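Engineer: Predicted model and sequence below, questions to follow.
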Amino acid sequence: MNAEKCEFLAANQQIEIIPRISEKVVHLISGDVGPFEAGIPTKIPVWMALMLKRKHHCHIVPPGWLAIEELKKILISESDNLGLSHLPDMFFELSHMLVKEASDNIFEVDQVKSLIQDIYDKREAKLRTSAITFLSQNETCHAQLDGVQPIEVASSRATLEACKQMAILIRNKHQSTPI
């Protein structure tokens with residue numbers, strides 16, 4: 001899976017909007033959405049919220065975790081914990097889409113972008129360090145990746161593939177018999 005596929009999957013997450021239009025229920029293959037009443041908050045899939053935003057038919061309400069204070073708490077938690085902290089589902093994918101297409105709905109968007117990048121960098125460094133430690137072990141074992149986001153798995157695919165190849169080499173070394 002690559003970053004585009006991760007964002008595609010994240011676009012099905014629900015987000016709150018404040019419609020500027022009034023519409024009846026919209027019938028979609030995935031289910032009904034709406035009704036929309038101007039000024040009354042409702043939850044819809046992110047892809048639809050972004051489409052309505054482009055047409056100036058709604059205001060997107062950013063998730064609570066996209067506030068500066070919440071992002072600072074996440075960053076501190078990431079710094080304090082040895083492992084990966086728990087993040088909301090599709091954290092990086094959703095934040096990227098919202099910052100990119102709904103930046104006018106996000107308070108102090110530049111600081112938000114900076115904090116998200118700091119969180120990503122800290123987590124990437126932890127993943128890289130743990131992968132190197134894992135690869136340096138001379139035994140076959142399995143790793144459990146708790147709290148890893150889909151985009152992190154996609155960006156770490158090469159490292160994970162190296163882990164798999166290393167495990168195969170070690171297993172072959174242990175199975176071979178000296179002559």
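Structural biologist: Perfect, thanks for sending it.

Engineer: before we move on, which element is residue 110 in?
Structural biologist: helix 109-136 (DSSP states H and E).

Engineer: what's that helix packed up against?
Structural biologist: On a contact count with 3 or more Cβ pairs under 8 Å, 6 or more residues apart in numbering; DSSP states H and E, helix 109-136 meets helix 68-80, helix 91-101, helix 150-155, helix 157-175. Backbone N, C-alpha and C define where each C-beta goes, glycine included.

Engineer: Against residue 73, how distant is the nearest residue to residue 120 once chain neighbours are set aside?
Structural biologist: Among residues not flanking residue 120 along the chain, residue 92 sits closest, at 6.2 Å (Cβ to Cβ, 6 or more residues apart in numbering). As judged by Cβ to Cβ, to the nearest Å, residue 92 and residue 73 stand 17 Å apart.

Engineer: Name the residue in the two with the higher neighbour count.
Structural biologist: Neighbour count, other Cβ atoms under 10 Å: between residue 92 and residue 73, residue 92 has more, with 23 against 13.

Engineer: residue contacts, that one?
Structural biologist: Taking Cβ atoms under 8 Å, 6 or more residues apart in numbering, we find residue 92 in contact with 116, 120, 149, 151-152.

Engineer: Now list the buried members of these.
Structural biologist: 116, 120, 149, 151-152 (16 or more other Cβ atoms under 10 Å).

Engineer: Hmm, residue 114 and residue 99 touching each other?
Structural biologist: No. With contact defined as Cβ atoms under 8 Å, residue 99 does not reach residue 114; the gap is 10.7 Å.
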